[in-house]
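> next one to model:
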Amino acid sequence: MNKIRRSILVKLYFLVGSLIIVIFFIIYNNSLLVKSREEGQIIPRFFAKFLTISTYENIEGKLVQLIFNEVIQKIDYPIIVTNKNNIPQQWKNLPVPNKKFEDLSDEEKLLLMKTIKIMERKYSHIKLTIPQSNKIISYIYYGESNTMKRLKFLPYFEFLVMLIFIAVGIFGVIYVQQGEKRSLWVALAKETAHQFGTPLSSLMGWMDILKIKTKDCPNSQAIREIIDNATIDIDNLKRTAFRFGKIGSTIKLKQSSMEKMIQETIEYFKPRLPQFGSKIYLNYINHLERDDYLFDPDLMKWVLENLIKNAIDAMRNTSGNISIITFDDTSDKYVHIQVRDEGKGIPTNMYKKIFDTGVTTKNRGWGLGLSLAKRIVEEFHKGKIYVLESTKNQGTAIEVLLPKETRRQEFKRTRVQDNKSSRGQEENADAVK
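Just a heads-up that it's a prediction; the model follows:
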């Protein structure tokens, strides 16, 4: 249900988001066009009225009043109006008080004159003359309007908005895909555990029946050994089913011995090494400052088993050592678990790909082992797993990092929950009494 909801939300995001962006840009562009049209009509209206007063005798006085009413009062960008001698008479949208030029300070006068030079160089200016005599009576200097500035940066702004929109959309799609993968993993794990459960229970029952039925047989000892070996294999299958069941449920980390977990994993592999037809030795080098850490021993055993199996496959038909090394890092943030082999190595371009689902370099197998290991380490333990180094025909080192601080916090949280549950049990017991 959550997966469907997330997918619908992503589709709504693209649909509604696209409509909002289009409507926003239409309104924004239209407002800029209206503003630009209004600004464009100021100068033509001014010239039309200027022509009507150009025959008056006191033209300069009327011109100043006309410029003030028709131009200066209606614009929102810097403007300076001078007389024929280029002395400022009126100005607006500048950091200079609006009073007579003669009453300004020297700094303010200098600022106005510098602004005139800048406007003359960077932008255009208007020269007002009497039509009959071409006599210059005034100059109008102006800067860039806010509308033009906004129009100039509009393409960049639109590009940035679309970029952010697409980036958020891609993030949403990736999030949905990851959610679907997680849901698939959980469903697969639950179904696998369920499918294993019933036949394994039945097989264990048949093993018990066989033990009873063959008790008085002539070759009962040999048959008993076969039954015991089959029971061990069934126990291994039960353990695998139990692990799959954990993958599909909420994991509760607990305080466990790191050394014990690794030693049990090594002991599991030692009797199985001869079947690979080569002399492979498993070594454990422990440099940890303490032994107890908060992790799930069953799942971490699964991680180690997958890493050791891959190391054995890499050393097939050769001899050498597989070393498991544990130590604390200098920052005391992580526990390091390294699995080093002396096998054929991993190509550099496969360092990250080997942890993807379905990727394998072997002739058989589904490519799920390292993908499961990555999920267990990174999602359940909030750690990291990666190829530390690899050299062709010399060996590979894969490292697992488990964060100490995160685990301590989780342990505190788990301990509080355990205390609450124990208090609840005590209260229930008191109530029964």
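
> so, low pLDDT: which residues of the stretch 51-200 of the chain?
51-75, 123-124, 130-133, 145-149, 179-200 (pLDDT under 70).

> helices of that one, residue ranges please.
For the stretch 51-200 of the chain, the helices defined by DSSP state H, counting those that start in this stretch cover 59-70, 106-122, 146-213.

> gap between Ile285 and His336?
11 Å (Cβ to Cβ, to the nearest Å). C-beta here means a position set from N, CA and C on the backbone, and glycine is covered the same way.

> how about Met258?
Applying Cβ to Cβ to Met258 and His336 gives a distance of 11 Å.

> between the two, who's got more neighbours?
Taking neighbours as other Cβ atoms under 10 Å, Met258 and His336 compare with Met258 leading, 20 against 16.

> if we can go back for a sec, identify the contacts common to Ile285 and His336.
Contact with both Ile285 and His336 is made by residues 325-326, according to Cβ atoms under 8 Å, 6 or more residues apart in numbering.

> mutual contacts of Met258 and His336, please.
Counting by Cβ under 8 Å, 6+ apart, the common neighbours of Met258 and His336 are Thr326.

> could you pull out the strands for the stretch 251-400 of the chain?
Taking DSSP state E, counting those that start in this stretch as the criterion, the stretch 251-400 of the chain carries its strands at 254-257, 280-287, 292-295, 320-328, 334-340, 384-391, 395-403.

> what pairs with the fourth one, and is each one parallel or antiparallel?
When you say that, I think you mean strand 320-328. Strand 320-328 pairs in its sheet with strand 280-287 (parallel), strand 334-340 (antiparallel), by DSSP bridges.

> ok, the last one next?
With DSSP bridges as the criterion, the sheet partners recorded for strand 395-403 are strand 334-340 (antiparallel), strand 384-391 (antiparallel).

> how about CSV for those, with distance to Leu111 and mean pLDDT added?
As requested, the strands paired with strand 395-403 are exported to CSV (distance: least, Cβ to Cβ, whole Å; pLDDT from 0 to 100):
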stretch, distance to Leu111, mean pLDDT
strand 334-340, 62, 94
strand 384-391, 60, 94
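
> can you redo these as a markdown table with distance to Phe269?
Putting the strands paired with strand 395-403 into a markdown table (distance: least, Cβ to Cβ, whole Å) gives the following:
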| stretch | distance to Phe269 |
| --- | --- |
| strand 334-340 | 12 |
| strand 384-391 | 19 |
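
> so what's Ala311 up against?
Taking Cβ under 8 Å, 6+ apart as the definition of contact, the neighbours of Ala311 are 322, 339-341, 343, 396.

> tell me, how many residues neighbour Asp313?
Close neighbours of Asp313, defined as other Cβ under 10 Å, add up to 19.

> try Met207
With other Cβ under 10 Å as criterion, Met207 counts 14.

> and what of Lys122?
For Lys122, the neighbour count with other Cβ under 10 Å is 9.

> quick one: contacts for it?
For Lys122, counting by Cβ under 8 Å, 6+ apart, the contacting residues are Gly143.

> distance check, it against Thr115.
11 Å.

> with Lys260 instead?
Per Cβ to Cβ, Lys260 is found 81 Å from Thr115.

> between the two, who's got more neighbours?
Between Lys260 and Thr115, counting by other Cβ under 10 Å, Thr115 is the more crowded of the two (19 against 12).

> wouldn't the more buried one be in contact with Ile79 here?
No: here Thr115 does not reach Ile79: they are 10.1 Å apart, not a contact under Cβ atoms under 8 Å.

> quick check: neighbours shared by those two?
Shared between the contact lists of Thr115 and Ile79 (criterion: Cβ under 8 Å, 6+ apart) are residues Tyr141.
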